[in-house]
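Asker: My questions concern the predicted model and sequence given below.
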Amino acid sequence: MEVNEVKELAKMLMFELTDKEANEIIEEFKTFDKQLALLDKIDTEGVEEMVYPFDVETAYLRDDVPDHVLSQDEVLANAAKTKQGHIVVPKVVK
Amino acid sequence: MNIDELMVLDIKDRANEAYKKIHEVNDKLNAVITFIDDDGKRKEGKLAGIPVALKDNISTKGIRTTAASDILDNYIPVYDAAIVTKLKEAGAKFVAKASMDELAMGGTNRTANIGPCLNPYDDTRITGGSSGGSAALVAAGIVPLAIGSDTGDSVRKPAAYCGIVGVKPSYGRISRYGIIPYASSLDHVGYFTTNVKDAALALEVLAGRDDKDMTSSFAPVENYSEILNSDVKDKKILVFGNVYDALNDEVIKDRFDKVVEGLKERGATIKVVHFDDDLMKCLFPTYFIIANAEATANHSNLDGVRFGHRVDGTSMEEIMTNTRTRGFSSFIKKRFVIGSYSLFEENQERLLKKAQRVRRLIVEEVLKELKEADGLLAPAAGTIAPKLDNTSTDELSDEYLIGENHMVIGNFAGLPSITLPMGYKDEMPIGINLTCNAFKEADMFDIAQAIENITGCKDMIKEVA
(Lines give C-alpha, C1' and ligand atoms only; values in the text may rest on other atoms or scores of the structure.)
Protein backbone atom coordinates (compact mmCIF):
# COMPACT_ATOMS: atom_id res chain seq x y z
CA MET A 1 0.00 0.00 0.00
CA GLU A 2 1.27 3.51 -0.88
CA VAL A 3 1.17 6.70 1.21
CA ASN A 4 -1.35 8.24 -1.18
CA GLU A 5 -3.71 5.28 -0.88
CA VAL A 6 -3.60 5.40 2.91
CA LYS A 7 -4.27 9.14 2.84
CA GLU A 8 -7.23 8.55 0.51
CA LEU A 9 -8.63 6.02 2.97
CA ALA A 10 -8.29 8.56 5.77
CA LYS A 11 -10.04 11.20 3.67
CA MET A 12 -13.07 8.94 3.37
CA LEU A 13 -13.07 8.68 7.14
CA MET A 14 -12.98 12.48 7.26
CA PHE A 15 -9.58 13.09 8.78
CA GLU A 16 -6.13 13.84 7.44
CA LEU A 17 -2.91 11.95 8.03
CA THR A 18 0.63 13.26 8.08
CA ASP A 19 3.25 11.44 5.99
CA LYS A 20 4.63 10.01 9.23
CA GLU A 21 1.23 8.62 10.25
CA ALA A 22 0.62 7.17 6.79
CA ASN A 23 4.03 5.48 6.79
CA GLU A 24 3.39 4.03 10.25
CA ILE A 25 0.14 2.51 8.96
CA ILE A 26 1.97 0.97 6.01
CA GLU A 27 4.43 -0.58 8.48
CA GLU A 28 1.59 -1.91 10.64
CA PHE A 29 -0.06 -3.42 7.59
CA LYS A 30 3.03 -5.58 7.07
CA THR A 31 2.48 -7.29 10.45
CA PHE A 32 -1.29 -7.28 9.91
CA ASP A 33 -0.84 -9.08 6.58
CA LYS A 34 1.15 -11.84 8.26
CA GLN A 35 -1.58 -12.21 10.88
CA LEU A 36 -4.17 -12.36 8.09
CA ALA A 37 -2.32 -15.30 6.61
CA LEU A 38 -3.23 -17.17 9.82
CA LEU A 39 -6.92 -16.52 9.11
CA ASP A 40 -6.49 -17.63 5.51
CA LYS A 41 -5.37 -21.03 6.78
CA ILE A 42 -8.77 -21.68 8.40
CA ASP A 43 -11.41 -23.44 6.31
CA THR A 44 -14.59 -21.39 6.78
CA GLU A 45 -16.54 -22.90 3.90
CA GLY A 46 -20.24 -22.92 4.84
CA VAL A 47 -19.69 -21.22 8.23
CA GLU A 48 -22.17 -18.47 9.09
CA GLU A 49 -20.69 -15.16 10.26
CA MET A 50 -20.96 -14.61 14.02
CA VAL A 51 -22.04 -11.03 14.61
CA TYR A 52 -23.11 -11.24 18.26
CA PRO A 53 -22.47 -13.75 21.04
CA PHE A 54 -25.90 -15.34 21.67
CA ASP A 55 -28.97 -16.44 19.82
CA VAL A 56 -31.20 -15.14 22.61
CA GLU A 57 -34.21 -12.96 21.92
CA THR A 58 -33.88 -9.81 24.00
CA ALA A 59 -35.42 -7.22 21.69
CA TYR A 60 -39.11 -6.69 21.13
CA LEU A 61 -41.36 -3.97 19.81
CA ARG A 62 -42.52 -1.80 22.69
CA ASP A 63 -45.72 0.21 22.72
CA ASP A 64 -45.40 3.44 20.76
CA VAL A 65 -45.30 5.65 23.84
CA PRO A 66 -42.61 8.34 24.27
CA ASP A 67 -39.99 7.30 26.78
CA HIS A 68 -36.83 8.91 28.25
CA VAL A 69 -37.37 12.13 26.29
CA LEU A 70 -34.66 14.82 26.14
CA SER A 71 -35.72 18.47 26.09
CA GLN A 72 -34.63 20.74 23.24
CA ASP A 73 -32.24 22.54 25.59
CA GLU A 74 -30.66 19.24 26.58
CA VAL A 75 -30.24 18.14 22.97
CA LEU A 76 -28.55 21.42 22.09
CA ALA A 77 -26.49 21.67 25.28
CA ASN A 78 -23.34 20.15 23.76
CA ALA A 79 -23.48 21.76 20.31
CA ALA A 80 -20.72 24.29 19.57
CA LYS A 81 -23.07 26.84 17.97
CA THR A 82 -26.85 27.12 18.30
CA LYS A 83 -29.46 29.65 17.30
CA GLN A 84 -33.22 29.67 17.85
CA GLY A 85 -33.40 25.99 18.65
CA HIS A 86 -31.12 24.88 15.84
CA ILE A 87 -27.50 23.78 15.52
CA VAL A 88 -25.60 26.30 13.40
CA VAL A 89 -23.39 25.02 10.58
CA PRO A 90 -21.97 26.72 7.45
CA LYS A 91 -24.35 27.13 4.53
CA VAL A 92 -24.86 23.75 2.89
CA VAL A 93 -26.50 24.96 -0.36
CA LYS A 94 -24.40 27.69 -1.93
CA MET B 1 -10.50 -0.98 52.91
CA ASN B 2 -12.89 -3.37 51.20
CA ILE B 3 -16.66 -2.88 51.09
CA ASP B 4 -17.32 -4.98 54.23
CA GLU B 5 -14.75 -2.98 56.22
CA LEU B 6 -16.13 0.35 55.04
CA MET B 7 -19.68 -0.73 55.89
CA VAL B 8 -18.67 -0.94 59.57
CA LEU B 9 -18.09 2.84 59.56
CA ASP B 10 -20.87 5.39 59.86
CA ILE B 11 -22.49 5.95 56.46
CA LYS B 12 -21.35 9.57 56.34
CA ASP B 13 -17.70 8.61 56.90
CA ARG B 14 -17.33 5.77 54.38
CA ALA B 15 -16.18 7.90 51.45
CA ASN B 16 -14.29 10.58 53.38
CA GLU B 17 -10.82 9.07 52.99
CA ALA B 18 -11.37 8.49 49.27
CA TYR B 19 -12.40 12.10 48.59
CA LYS B 20 -9.41 13.29 50.64
CA LYS B 21 -6.69 10.96 49.35
CA ILE B 22 -7.55 10.80 45.67
CA HIS B 23 -5.88 14.11 44.75
CA GLU B 24 -2.63 13.17 46.46
CA VAL B 25 -2.61 9.69 44.91
CA ASN B 26 -3.43 11.06 41.48
CA ASP B 27 -0.32 13.24 41.54
CA LYS B 28 1.62 9.97 41.49
CA LEU B 29 -0.57 7.79 39.23
CA ASN B 30 -2.27 10.14 36.74
CA ALA B 31 -5.38 7.95 37.05
CA VAL B 32 -8.10 10.62 37.09
CA ILE B 33 -9.54 12.66 34.26
CA THR B 34 -12.20 14.48 36.29
CA PHE B 35 -12.55 14.64 40.06
CA ILE B 36 -16.06 14.54 41.48
CA ASP B 37 -16.62 16.51 44.69
CA ASP B 38 -18.55 15.17 47.67
CA ASP B 39 -22.10 16.59 47.62
CA GLY B 40 -22.48 15.63 51.28
CA LYS B 41 -25.59 13.53 50.58
CA ARG B 42 -25.79 9.91 51.71
CA LYS B 43 -28.37 7.23 50.89
CA GLU B 44 -29.01 3.73 52.26
CA GLY B 45 -28.52 0.71 49.98
CA LYS B 46 -26.16 -2.16 49.19
CA LEU B 47 -23.37 0.34 48.55
CA ALA B 48 -24.45 3.00 51.04
CA GLY B 49 -21.77 5.68 51.18
CA ILE B 50 -19.20 3.49 49.38
CA PRO B 51 -16.75 5.45 47.18
CA VAL B 52 -16.75 4.33 43.53
CA ALA B 53 -14.74 5.42 40.46
CA LEU B 54 -16.18 5.34 36.93
CA LYS B 55 -14.25 4.87 33.72
CA ASP B 56 -14.54 8.04 31.67
CA ASN B 57 -16.57 6.39 28.90
CA ILE B 58 -19.57 6.10 31.25
CA SER B 59 -22.10 8.89 30.79
CA THR B 60 -22.69 10.97 33.92
CA LYS B 61 -25.35 13.67 33.76
CA GLY B 62 -23.74 17.08 34.27
CA ILE B 63 -20.23 15.64 34.68
CA ARG B 64 -17.70 15.84 31.86
CA THR B 65 -17.22 12.53 30.04
CA THR B 66 -14.32 12.50 27.59
CA ALA B 67 -13.39 8.86 26.92
CA ALA B 68 -9.82 10.25 27.20
CA SER B 69 -10.13 11.80 23.75
CA ASP B 70 -9.61 15.43 22.73
CA ILE B 71 -12.68 15.21 20.50
CA LEU B 72 -14.92 14.81 23.58
CA ASP B 73 -12.87 17.05 25.84
CA ASN B 74 -15.83 19.39 26.47
CA TYR B 75 -18.65 16.82 26.36
CA ILE B 76 -21.07 16.94 29.29
CA PRO B 77 -23.76 14.22 29.05
CA VAL B 78 -27.37 15.21 29.65
CA TYR B 79 -28.31 11.77 30.96
CA ASP B 80 -26.86 9.06 33.21
CA ALA B 81 -25.81 5.63 32.00
CA ALA B 82 -28.12 2.90 33.32
CA ILE B 83 -25.40 1.63 35.67
CA VAL B 84 -24.85 5.14 37.06
CA THR B 85 -28.53 5.23 38.02
CA LYS B 86 -28.26 1.76 39.59
CA LEU B 87 -25.14 2.68 41.57
CA LYS B 88 -26.76 5.91 42.80
CA GLU B 89 -29.86 3.99 43.88
CA ALA B 90 -27.60 1.59 45.81
CA GLY B 91 -26.07 4.56 47.66
CA ALA B 92 -22.65 4.64 45.93
CA LYS B 93 -20.67 7.89 46.01
CA PHE B 94 -18.73 8.77 42.86
CA VAL B 95 -15.27 10.19 43.44
CA ALA B 96 -13.77 10.34 39.95
CA LYS B 97 -14.02 9.73 36.24
CA ALA B 98 -11.01 7.51 35.69
CA SER B 99 -8.42 7.47 32.93
CA MET B 100 -8.57 5.00 30.06
CA ASP B 101 -7.07 4.37 26.65
CA GLU B 102 -8.54 6.84 24.17
CA LEU B 103 -12.05 5.64 23.23
CA ALA B 104 -11.16 2.37 25.05
CA MET B 105 -9.18 1.29 21.97
CA GLY B 106 -5.99 0.09 23.60
CA GLY B 107 -4.52 -2.31 26.11
CA THR B 108 -1.94 -0.19 27.89
CA ASN B 109 -3.61 3.03 29.11
CA ARG B 110 -0.70 4.84 27.45
CA THR B 111 -3.00 6.41 24.86
CA ALA B 112 -5.15 8.54 27.19
CA ASN B 113 -5.14 12.19 26.10
CA ILE B 114 -3.97 13.12 29.63
CA GLY B 115 -0.90 10.88 29.33
CA PRO B 116 -0.28 7.36 30.64
CA CYS B 117 -1.71 6.02 33.88
CA LEU B 118 1.03 4.63 36.13
CA ASN B 119 1.02 1.31 37.97
CA PRO B 120 0.76 1.72 41.77
CA TYR B 121 3.35 -1.05 42.25
CA ASP B 122 5.95 0.59 40.01
CA ASP B 123 5.46 3.94 38.34
CA THR B 124 7.74 2.98 35.45
CA ARG B 125 5.22 0.33 34.41
CA ILE B 126 1.80 0.39 32.76
CA THR B 127 -1.48 -0.45 34.46
CA GLY B 128 -2.73 -2.18 31.35
CA GLY B 129 -5.86 -0.96 29.65
CA SER B 130 -8.13 0.18 28.53
CA SER B 131 -9.65 0.53 32.02
CA GLY B 132 -6.31 1.41 33.63
CA GLY B 133 -7.41 4.40 35.70
CA SER B 134 -10.17 2.42 37.36
CA ALA B 135 -7.73 -0.43 38.10
CA ALA B 136 -5.09 1.92 39.56
CA LEU B 137 -7.59 3.57 41.93
CA VAL B 138 -8.70 0.20 43.31
CA ALA B 139 -5.14 -1.18 43.55
CA ALA B 140 -4.00 1.96 45.38
CA GLY B 141 -6.78 1.50 47.94
CA ILE B 142 -8.69 4.67 47.07
CA VAL B 143 -11.96 2.95 46.16
CA PRO B 144 -13.10 -0.64 46.81
CA LEU B 145 -15.07 -0.67 43.54
CA ALA B 146 -14.40 0.91 40.15
CA ILE B 147 -16.31 0.42 36.93
CA GLY B 148 -14.65 -0.26 33.59
CA SER B 149 -15.52 -1.73 30.23
CA ASP B 150 -14.11 -4.80 28.53
CA THR B 151 -14.10 -5.37 24.75
CA GLY B 152 -11.06 -7.68 24.50
CA ASP B 153 -9.70 -7.95 28.04
CA SER B 154 -9.82 -4.29 29.09
CA VAL B 155 -10.83 -5.08 32.66
CA ARG B 156 -9.23 -8.48 33.12
CA LYS B 157 -5.73 -7.58 31.90
CA PRO B 158 -5.33 -4.44 34.07
CA ALA B 159 -6.65 -6.49 37.00
CA ALA B 160 -3.74 -8.90 36.47
CA TYR B 161 -1.15 -6.12 36.18
CA CYS B 162 -2.47 -4.28 39.26
CA GLY B 163 -3.12 -7.25 41.59
CA ILE B 164 -6.90 -6.93 41.94
CA VAL B 165 -10.10 -8.68 40.94
CA GLY B 166 -11.51 -7.84 37.50
CA VAL B 167 -14.91 -9.10 36.34
CA LYS B 168 -16.51 -9.20 32.92
CA PRO B 169 -19.91 -10.87 33.25
CA SER B 170 -22.00 -12.47 30.48
CA TYR B 171 -22.97 -10.44 27.42
CA GLY B 172 -26.23 -8.72 28.29
CA ARG B 173 -25.84 -9.20 32.06
CA ILE B 174 -25.15 -5.49 32.66
CA SER B 175 -26.84 -2.75 30.62
CA ARG B 176 -24.57 -0.78 28.30
CA TYR B 177 -26.99 2.12 27.92
CA GLY B 178 -24.96 5.30 28.26
CA ILE B 179 -21.55 3.72 27.74
CA ILE B 180 -19.59 5.29 24.87
CA PRO B 181 -19.21 2.26 22.61
CA TYR B 182 -16.14 0.67 21.07
CA ALA B 183 -17.26 -2.55 19.33
CA SER B 184 -20.89 -3.39 19.97
CA SER B 185 -20.73 -7.14 19.46
CA LEU B 186 -17.87 -7.41 21.97
CA ASP B 187 -18.42 -4.57 24.48
CA HIS B 188 -19.24 -5.47 28.09
CA VAL B 189 -19.44 -3.44 31.28
CA GLY B 190 -16.95 -4.80 33.81
CA TYR B 191 -15.54 -3.74 37.16
CA PHE B 192 -12.75 -4.05 39.71
CA THR B 193 -12.75 -4.93 43.41
CA THR B 194 -10.13 -6.20 45.86
CA ASN B 195 -11.84 -9.52 46.68
CA VAL B 196 -14.32 -12.01 45.26
CA LYS B 197 -17.10 -11.34 47.77
CA ASP B 198 -17.16 -7.65 46.89
CA ALA B 199 -17.19 -8.65 43.22
CA ALA B 200 -20.25 -10.84 43.82
CA LEU B 201 -22.02 -8.02 45.67
CA ALA B 202 -21.23 -5.49 42.95
CA LEU B 203 -22.87 -7.65 40.29
CA GLU B 204 -26.09 -7.75 42.33
CA VAL B 205 -26.20 -3.96 42.02
CA LEU B 206 -25.06 -3.63 38.40
CA ALA B 207 -26.87 -6.52 36.67
CA GLY B 208 -30.40 -6.71 35.34
CA ARG B 209 -32.66 -6.16 32.38
CA ASP B 210 -32.79 -2.65 30.96
CA ASP B 211 -35.26 -1.84 28.19
CA LYS B 212 -32.96 0.92 26.96
CA ASP B 213 -30.31 -1.64 25.96
CA MET B 214 -31.68 -4.11 23.41
CA THR B 215 -28.91 -6.61 24.20
CA SER B 216 -29.76 -6.63 27.89
CA SER B 217 -30.83 -10.04 29.26
CA PHE B 218 -34.04 -11.02 31.04
CA ALA B 219 -32.18 -13.71 33.05
CA PRO B 220 -32.89 -13.22 36.78
CA VAL B 221 -30.16 -11.63 38.90
CA GLU B 222 -29.06 -13.88 41.75
CA ASN B 223 -27.96 -12.88 45.23
CA TYR B 224 -24.39 -13.72 44.27
CA SER B 225 -22.76 -12.59 47.52
CA GLU B 226 -25.19 -14.52 49.71
CA ILE B 227 -24.97 -17.81 47.80
CA LEU B 228 -21.19 -17.57 47.48
CA ASN B 229 -19.68 -20.95 48.32
CA SER B 230 -16.03 -21.83 47.78
CA ASP B 231 -16.68 -25.58 47.75
CA VAL B 232 -15.32 -26.93 44.45
CA LYS B 233 -15.75 -30.66 45.17
CA ASP B 234 -18.12 -31.27 42.28
CA LYS B 235 -16.57 -28.76 39.90
CA LYS B 236 -14.90 -29.75 36.66
CA ILE B 237 -12.26 -27.23 35.67
CA LEU B 238 -10.40 -27.13 32.36
CA VAL B 239 -6.80 -25.95 32.14
CA PHE B 240 -6.19 -24.02 28.93
CA GLY B 241 -3.25 -26.02 27.56
CA ASN B 242 -2.57 -23.83 24.52
CA VAL B 243 -2.09 -20.78 26.74
CA TYR B 244 0.08 -22.60 29.23
CA ASP B 245 2.31 -23.95 26.44
CA ALA B 246 2.61 -20.54 24.79
CA LEU B 247 3.94 -18.83 27.93
CA ASN B 248 7.61 -18.63 28.82
CA ASP B 249 7.64 -17.19 32.34
CA GLU B 250 8.46 -20.00 34.77
CA VAL B 251 7.40 -18.06 37.88
CA ILE B 252 3.94 -17.40 36.43
CA LYS B 253 3.61 -21.04 35.37
CA ASP B 254 4.75 -22.23 38.79
CA ARG B 255 2.19 -20.05 40.60
CA PHE B 256 -0.47 -21.28 38.21
CA ASP B 257 0.50 -24.93 38.84
CA LYS B 258 0.12 -24.34 42.57
CA VAL B 259 -3.43 -23.02 42.10
CA VAL B 260 -4.33 -26.04 39.96
CA GLU B 261 -2.85 -28.33 42.60
CA GLY B 262 -4.86 -26.53 45.30
CA LEU B 263 -8.09 -26.97 43.35
CA LYS B 264 -7.34 -30.68 42.95
CA GLU B 265 -6.73 -31.00 46.70
CA ARG B 266 -10.13 -29.39 47.30
CA GLY B 267 -11.78 -32.06 45.20
CA ALA B 268 -12.15 -30.35 41.81
CA THR B 269 -11.71 -32.44 38.69
CA ILE B 270 -9.00 -30.97 36.48
CA LYS B 271 -8.66 -31.66 32.77
CA VAL B 272 -6.00 -30.12 30.54
CA VAL B 273 -7.47 -29.22 27.14
CA HIS B 274 -5.76 -28.24 23.91
CA PHE B 275 -7.97 -26.50 21.41
CA ASP B 276 -7.13 -26.39 17.69
CA ASP B 277 -3.86 -24.48 17.60
CA ASP B 278 -4.50 -22.83 14.21
CA LEU B 279 -7.76 -21.41 15.57
CA MET B 280 -6.11 -20.17 18.74
CA LYS B 281 -3.46 -18.34 16.69
CA CYS B 282 -6.33 -16.45 15.07
CA LEU B 283 -7.63 -14.98 18.34
CA PHE B 284 -5.85 -11.68 17.95
CA PRO B 285 -6.34 -11.01 14.21
CA THR B 286 -10.01 -12.02 14.49
CA TYR B 287 -10.50 -9.60 17.36
CA PHE B 288 -8.48 -6.85 15.68
CA ILE B 289 -10.52 -6.93 12.48
CA ILE B 290 -13.95 -7.12 14.12
CA ALA B 291 -13.22 -4.58 16.85
CA ASN B 292 -11.71 -1.96 14.52
CA ALA B 293 -14.45 -2.37 11.92
CA GLU B 294 -17.20 -1.93 14.51
CA ALA B 295 -15.36 1.00 16.12
CA THR B 296 -14.99 2.81 12.81
CA ALA B 297 -18.73 2.62 12.29
CA ASN B 298 -19.63 3.48 15.90
CA HIS B 299 -17.43 6.57 15.97
CA SER B 300 -18.63 8.08 12.72
CA ASN B 301 -20.88 10.28 14.87
CA LEU B 302 -17.86 12.03 16.40
CA ASP B 303 -17.89 15.00 14.05
CA GLY B 304 -18.05 18.07 16.27
CA VAL B 305 -21.45 19.15 14.91
CA ARG B 306 -23.95 18.08 17.58
CA PHE B 307 -21.51 17.53 20.44
CA GLY B 308 -17.80 17.39 21.14
CA HIS B 309 -14.95 19.74 20.44
CA ARG B 310 -15.69 21.46 17.10
CA VAL B 311 -12.87 22.85 14.97
CA ASP B 312 -14.27 25.45 12.57
CA GLY B 313 -14.26 25.29 8.79
CA THR B 314 -15.99 26.91 5.85
CA SER B 315 -18.21 23.90 5.08
CA MET B 316 -19.74 20.96 6.94
CA GLU B 317 -17.14 18.66 5.39
CA GLU B 318 -14.33 20.95 6.48
CA ILE B 319 -15.69 21.18 10.04
CA MET B 320 -15.90 17.39 10.29
CA THR B 321 -12.47 16.82 8.76
CA ASN B 322 -10.78 19.50 10.88
CA THR B 323 -12.55 18.26 14.01
CA ARG B 324 -11.62 14.64 13.47
CA THR B 325 -8.04 15.44 12.36
CA ARG B 326 -7.38 17.44 15.55
CA GLY B 327 -9.65 15.41 17.82
CA PHE B 328 -8.23 11.91 17.35
CA SER B 329 -4.69 10.87 18.22
CA SER B 330 -2.50 9.20 15.60
CA PHE B 331 -3.12 5.87 17.31
CA ILE B 332 -6.90 6.11 16.89
CA LYS B 333 -6.66 7.30 13.29
CA LYS B 334 -4.53 4.28 12.45
CA ARG B 335 -7.06 1.92 14.01
CA PHE B 336 -9.90 3.58 12.08
CA VAL B 337 -8.03 3.24 8.79
CA ILE B 338 -7.54 -0.48 9.42
CA GLY B 339 -11.19 -0.82 10.46
CA SER B 340 -12.42 0.98 7.39
CA TYR B 341 -10.15 -1.10 5.16
CA SER B 342 -11.91 -4.26 6.43
CA LEU B 343 -15.31 -2.72 5.72
CA PHE B 344 -14.68 -2.01 2.02
CA GLU B 345 -16.92 -4.17 -0.11
CA GLU B 346 -13.97 -5.64 -1.98
CA ASN B 347 -12.24 -6.58 1.33
CA GLN B 348 -15.24 -7.76 3.34
CA GLU B 349 -15.06 -11.42 2.25
CA ARG B 350 -11.36 -11.76 3.00
CA LEU B 351 -11.32 -9.64 6.16
CA LEU B 352 -14.50 -8.84 8.11
CA LYS B 353 -16.67 -11.79 7.08
CA LYS B 354 -13.71 -14.15 7.33
CA ALA B 355 -13.02 -12.90 10.87
CA GLN B 356 -16.68 -13.26 11.82
CA ARG B 357 -16.70 -16.86 10.54
CA VAL B 358 -13.48 -17.69 12.37
CA ARG B 359 -15.03 -16.12 15.48
CA ARG B 360 -17.84 -18.69 15.26
CA LEU B 361 -15.38 -21.57 14.82
CA ILE B 362 -13.33 -20.40 17.83
CA VAL B 363 -16.45 -20.15 19.99
CA GLU B 364 -17.73 -23.58 18.90
CA GLU B 365 -14.29 -25.10 19.54
CA VAL B 366 -14.15 -23.75 23.10
CA LEU B 367 -17.79 -24.41 24.01
CA LYS B 368 -17.49 -28.02 22.86
CA GLU B 369 -15.34 -28.60 25.97
CA LEU B 370 -16.55 -25.85 28.29
CA LYS B 371 -20.21 -26.91 28.08
CA GLU B 372 -19.22 -30.19 29.74
CA ALA B 373 -17.29 -28.38 32.48
CA ASP B 374 -17.64 -25.50 34.97
CA GLY B 375 -14.70 -23.30 34.06
CA LEU B 376 -11.65 -22.71 31.91
CA LEU B 377 -8.50 -21.64 33.73
CA ALA B 378 -5.33 -19.92 32.45
CA PRO B 379 -2.72 -17.39 33.53
CA ALA B 380 -4.25 -13.98 32.76
CA ALA B 381 -1.07 -12.57 31.24
CA GLY B 382 2.30 -13.92 30.20
CA THR B 383 4.35 -11.33 32.05
CA ILE B 384 4.17 -8.80 34.86
CA ALA B 385 3.05 -5.29 33.81
CA PRO B 386 5.38 -4.15 31.01
CA LYS B 387 7.50 -1.01 31.25
CA LEU B 388 5.92 2.18 29.92
CA ASP B 389 8.44 2.39 27.09
CA ASN B 390 8.28 -1.30 26.13
CA THR B 391 8.03 -1.79 22.36
CA SER B 392 9.65 -5.20 22.04
CA THR B 393 6.52 -7.34 21.65
CA ASP B 394 6.72 -9.94 18.88
CA GLU B 395 3.18 -9.74 17.50
CA LEU B 396 3.56 -12.97 15.54
CA SER B 397 4.70 -15.16 18.43
CA ASP B 398 2.43 -17.73 20.11
CA GLU B 399 3.09 -15.96 23.39
CA TYR B 400 1.44 -12.84 21.97
CA LEU B 401 -1.20 -14.36 19.67
CA ILE B 402 -2.42 -16.94 22.21
CA GLY B 403 -0.84 -16.22 25.59
CA GLU B 404 -1.60 -12.50 25.69
CA ASN B 405 -4.92 -12.55 23.83
CA HIS B 406 -6.82 -15.63 25.02
CA MET B 407 -9.22 -13.68 27.24
CA VAL B 408 -10.93 -12.29 24.13
CA ILE B 409 -12.74 -15.65 23.97
CA GLY B 410 -14.96 -14.31 26.76
CA ASN B 411 -15.96 -11.42 24.48
CA PHE B 412 -16.38 -13.54 21.35
CA ALA B 413 -18.72 -15.93 23.18
CA GLY B 414 -20.17 -13.51 25.77
CA LEU B 415 -18.97 -15.69 28.65
CA PRO B 416 -18.49 -14.50 32.24
CA SER B 417 -14.82 -14.19 33.07
CA ILE B 418 -12.84 -13.10 36.10
CA THR B 419 -9.18 -12.32 36.75
CA LEU B 420 -7.79 -12.43 40.27
CA PRO B 421 -4.31 -12.16 41.73
CA MET B 422 -2.29 -15.36 42.33
CA GLY B 423 0.96 -13.98 43.70
CA TYR B 424 3.96 -11.84 42.80
CA LYS B 425 7.00 -11.86 40.61
CA ASP B 426 9.73 -9.27 41.24
CA GLU B 427 7.32 -7.56 43.68
CA MET B 428 4.79 -7.11 40.85
CA PRO B 429 1.40 -8.87 40.97
CA ILE B 430 0.49 -11.68 38.58
CA GLY B 431 -3.03 -12.85 37.78
CA ILE B 432 -5.07 -15.92 36.93
CA ASN B 433 -8.16 -15.95 34.71
CA LEU B 434 -11.28 -18.09 34.93
CA THR B 435 -13.98 -18.18 32.24
CA CYS B 436 -17.30 -19.96 32.80
CA ASN B 437 -20.49 -20.76 30.89
CA ALA B 438 -22.93 -17.96 29.99
CA PHE B 439 -24.93 -16.66 32.95
CA LYS B 440 -23.11 -19.00 35.34
CA GLU B 441 -21.68 -16.08 37.30
CA ALA B 442 -22.49 -17.84 40.59
CA ASP B 443 -20.24 -20.77 39.57
CA MET B 444 -17.56 -18.30 38.53
CA PHE B 445 -17.56 -16.56 41.92
CA ASP B 446 -17.54 -19.92 43.77
CA ILE B 447 -14.46 -21.20 41.93
CA ALA B 448 -12.81 -17.77 42.17
CA GLN B 449 -13.27 -17.73 45.93
CA ALA B 450 -11.69 -21.17 46.17
CA ILE B 451 -8.71 -19.80 44.24
CA GLU B 452 -8.60 -16.77 46.54
CA ASN B 453 -8.45 -19.15 49.53
CA ILE B 454 -5.66 -21.17 47.90
CA THR B 455 -3.47 -18.17 47.02
CA GLY B 456 -4.30 -16.01 50.04
CA CYS B 457 -4.22 -13.09 47.59
CA LYS B 458 -7.13 -11.06 48.90
CA ASP B 459 -7.50 -7.32 49.44
CA MET B 460 -4.07 -6.64 47.97
CA ILE B 461 -3.51 -2.90 48.17
CA LYS B 462 -0.42 -0.92 47.21
CA GLU B 463 -0.49 2.43 48.94
CA VAL B 464 1.32 5.11 46.98
CA ALA B 465 0.75 8.28 48.97
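Answerer: Structure received.

Asker: Now the helix or strand hosting B:M7: buried residues?
Answerer: Element membership of B:M7 [criterion: DSSP states H and E] is helix B:3-8. Along helix B:3-8, the positions that meet the burial threshold by neighbour count (16 or more other CB atoms under 10 Å in any protein chain shown) are B:3, B:6-7. Backbone N, C-alpha and C define where each C-beta goes, glycine included.

Asker: what mean pLDDT would you report for that helix?
Answerer: Per-residue pLDDT values over helix B:3-8 give a mean of 98.

Asker: Show me what it is packed against.
Answerer: Using 3 or more CB pairs under 8 Å, 6 or more residues apart in numbering or on different chains; DSSP states H and E as the contact definition, the elements that helix B:3-8 packs against are helix B:196-206.

Asker: Which residues of the stretch 101-250 of chain B lie near chain A?
Answerer: Counting by CB under 8 Å from any CB of the partner chain, the residues of the stretch 101-250 of chain B close to chain A are B:171-172, B:185, B:211-212, B:214-218.

Asker: So which of those residues is surrounded by the most neighbours?
Answerer: Neighbours here are counted as other CB atoms under 10 Å in any protein chain shown. On that basis the top member of these is B:Y171, with 28 neighbours.

Asker: before we move on, back to that, reformat the residues of the stretch 101-250 of chain B next to chain A as TSV; add pLDDT.
Answerer: Putting those into TSV (pLDDT from 0 to 100) gives the following:
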residue	pLDDT
B:Y171	97
B:G172	96
B:S185	97
B:D211	90
B:K212	91
B:M214	88
B:T215	92
B:S216	93
B:S217	93
B:F218	92
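
Asker: Using TSV, lay out those residues together with secondary structure.
Answerer: Supplementary listing: these in TSV, determined by DSSP: H, G, I helix; E, B strand; the rest coil:
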residue	secondary structure
B:Y171	coil
B:G172	coil
B:S185	coil
B:D211	coil
B:K212	coil
B:M214	coil
B:T215	coil
B:S216	coil
B:S217	coil
B:F218	coil
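
Asker: Just the closest of the residues you listed to B:F328, please.
Answerer: In terms of CB to CB, no member of these lies closer to B:F328 than B:S185, at 22.3 Å.

Asker: Could you tell me which residues make contact with the residue nearest to that closest one when sequence neighbours are not counted?
Answerer: Leaving aside its sequence neighbours, B:S185 sits nearest to A:Y52 (CB to CB, 6 or more residues apart in numbering or on different chains; 4.9 Å). With contact taken as CB atoms under 8 Å, 6 or more residues apart in numbering or on different chains, A:Y52 is in contact with B:171, B:185, B:215, B:414.

Asker: Next one: the third one from B:I63, what distance?
Answerer: Meaning B:T215. Distance, B:T215 to B:I63, by CB to CB, to the nearest Å: 25 Å.

Asker: circling back: so which residues lie in contact with the helix holding B:M7, not counting its own?
Answerer: Here helix B:3-8 has contacts from B:14, B:47-51, B:144-145, B:193, B:197-198, B:201, using CB under 8 Å, 6+ apart.

Asker: Compare these and tell me which has the most neighbours.
Answerer: Most surrounded of the contacts of helix B:3-8: other CB under 10 Å gives B:P144, at 30 neighbours.
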